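Visitor: The amino acid sequence is not available; the structure is as follows:
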């Protein structure tokens, strides 16, 4: 198994360089799809990197910091504008950054030359590594599913679907075993001819296995002493929940329209959001613990096709920036923005509250997980106000949802299966 890894290169935009930076980012996009990367663009030809799942460039311009002044509080002292370059790859993130530097160094230098601390004489790879910030919580829908696997299984599905007798898929009394065997023979012939490769998984890196096992055991042991302070923490939490500012005005219609123009160019969309953590030592201590718990669950419980009850998120991450004053959230999900938010409200409102109720202005919660996102209209106002446009967004397999990927995985498993009874064979055929 090849595990996936995130990278998050973050840098402040140099004074007076925003316009030039936006112009370079625009060069990466398709002319008829704002925000949608051209895989063959000359600045960063994403399509040549065969281990890259998703990537994006986004400008982090947080207009919600003015909310603090509404309540007579000082704004957090942070840079006015960041550029973030983030993505997910198969294998170590450092290797992916090295590939970027080797094959697209000139274009990336054009991008980062608009950021503080970078110039044409800078070592691009060293600079990116130095600015690759730690991801506090990382979610992968199915750990170990590589770009190559997705593409090969998609090709397999298309090839087999074109050969399945039409009646078979609707339960006609065709001999399912005979049909299946004919398809398996076809696959074998295509593989021998080199037209339909089905690459087996690579061995899981020993270092990853060791770190994962250590994480599985070590995190609970590390958090065990916190049980002793839990009653005191709950008292402090409940006291703050009763007095924390709630601020969820409707978002600026022009800003929403601008983001909607970047959405629904494909069956999958991106989401980028930034928000300040509530002031005070308590939240600065609580949020890292919560993100550690969610990261633990994402790694050991939810990396098999779902995040809680939600099955439409490809990848997601939470990242602390500005000395834990703000949290960056980014995800890649299937469906529309509205359906994505409805999924959270209806299926995982408690999970949203667990993290985002520590954000300044979040709808009021009770005991951290109740209320909050359950106040649907206030929640939707809040998340739209904190959402930021994604200037450039790339995905390696457009047109394929997680439902498609799961179906294709099951088709591939059926090809690899040594034996099926009639019912299993018919169920397998119906996948096509």
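Guide: Thanks, I have it. The structure presented is a predicted model; accordingly, all values stated were derived computationally and were not measured.
Visitor: Residue 193: neighbour count?
Guide: 8 (other C-beta atoms under 10 Å). For every residue, glycine as well, the C-beta is placed using N, CA and C.
Visitor: Got the phi and psi for the residue nearest to residue 109 when sequence neighbours are not counted?
Guide: Excluding the flanking residues, the one nearest residue 109 by C-beta to C-beta, 6 or more residues apart in numbering is residue 124, at 5.7 Å. Per-residue torsions, residue 124: phi -60, psi -50 (degrees, to the nearest 10).
Visitor: Residue 124 contacts residue 108, doesn't it?
Guide: Yes: between residue 124 and residue 108 there is a contact at 6.0 Å, judged by C-beta atoms under 8 Å.
Visitor: which of the two has more neighbours?
Guide: Taking other C-beta under 10 Å, residue 124 and residue 108 do not tie; residue 108 has more neighbours (23 against 20).
Visitor: quick one, what contacts the more buried one?
Guide: The contact partners of residue 108, by C-beta atoms under 8 Å, 6 or more residues apart in numbering, come to 43-44, 100-101, 124, 128.
Visitor: Closest one to residue 286 out of those residues, please.
Guide: residue 128 (31.5 Å; C-beta to C-beta).
Visitor: secondary structure element for that closest one?
Guide: Assignment of secondary structure by DSSP states H and E places residue 128 within helix 124-130.
Visitor: What residues sit buried inside that helix?
Guide: Of the residues in helix 124-130, those buried under the neighbour-count criterion (16 or more other C-beta atoms under 10 Å) are 124-125, 127-129.
Visitor: and the two most separated of those?
Guide: Checking these against each other with C-beta to C-beta, the farthest-apart pair comes out as 124 and 129, at 9.7 Å.
Visitor: got JSON lines for the buried residues of helix 124-130, with distance to residue 79 and pLDDT too?
Guide: Rendered in JSON lines, the data for those read as follows (distance: C-beta to C-beta, whole Å; pLDDT from 0 to 100):
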{"residue": "124", "distance to residue 79": "21", "pLDDT": "97"}
{"residue": "125", "distance to residue 79": "23", "pLDDT": "97"}
{"residue": "127", "distance to residue 79": "17", "pLDDT": "97"}
{"residue": "128", "distance to residue 79": "18", "pLDDT": "98"}
{"residue": "129", "distance to residue 79": "20", "pLDDT": "98"}
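Visitor: So residue 275, which state does it fall into?
Guide: Look at residue 275: counting by DSSP: H, G, I helix; E, B strand; the rest coil, its state is strand.
Visitor: which residues of the stretch 51-200 of the chain fall in helices?
Guide: Taking DSSP state H, counting those that start in this stretch as the criterion, the stretch 51-200 of the chain carries its helices at 67-70, 93-112, 124-130, 147-161, 176-192.
Visitor: Give me the buried positions along the fourth one.
Guide: Judged by neighbour count using 16+ other C-beta under 10 Å, the buried positions of helix 147-161 are 147-157, 159-160.
Visitor: Ok, the second one next?
Guide: Of the residues in helix 93-112, those scored as buried under the neighbour-count criterion (16+ other C-beta under 10 Å) are 93, 96-97, 99-101, 104, 107-112.
Visitor: quick one: which two of those residues are the most distant?
Guide: With distance counted by C-beta to C-beta, no two of these lie farther apart than 93 and 110, which are 22.0 Å apart.
Visitor: hmm, back to that, including pLDDT, could the buried residues of helix 147-161 go into TSV?
Guide: Supplementary listing: the buried residues of helix 147-161 in TSV, determined by pLDDT from 0 to 100:
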residue	pLDDT
147	98
148	98
149	97
150	98
151	98
152	98
153	98
154	97
155	97
156	97
157	97
159	96
160	96
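Visitor: possible to save the residues you listed as CSV with distance to residue 420?
Guide: As requested, these are exported to CSV (distance: C-beta to C-beta, whole Å):
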residue, distance to residue 420
147, 29
148, 26
149, 22
150, 24
151, 25
152, 21
153, 18
154, 22
155, 22
156, 17
157, 17
159, 19
160, 15
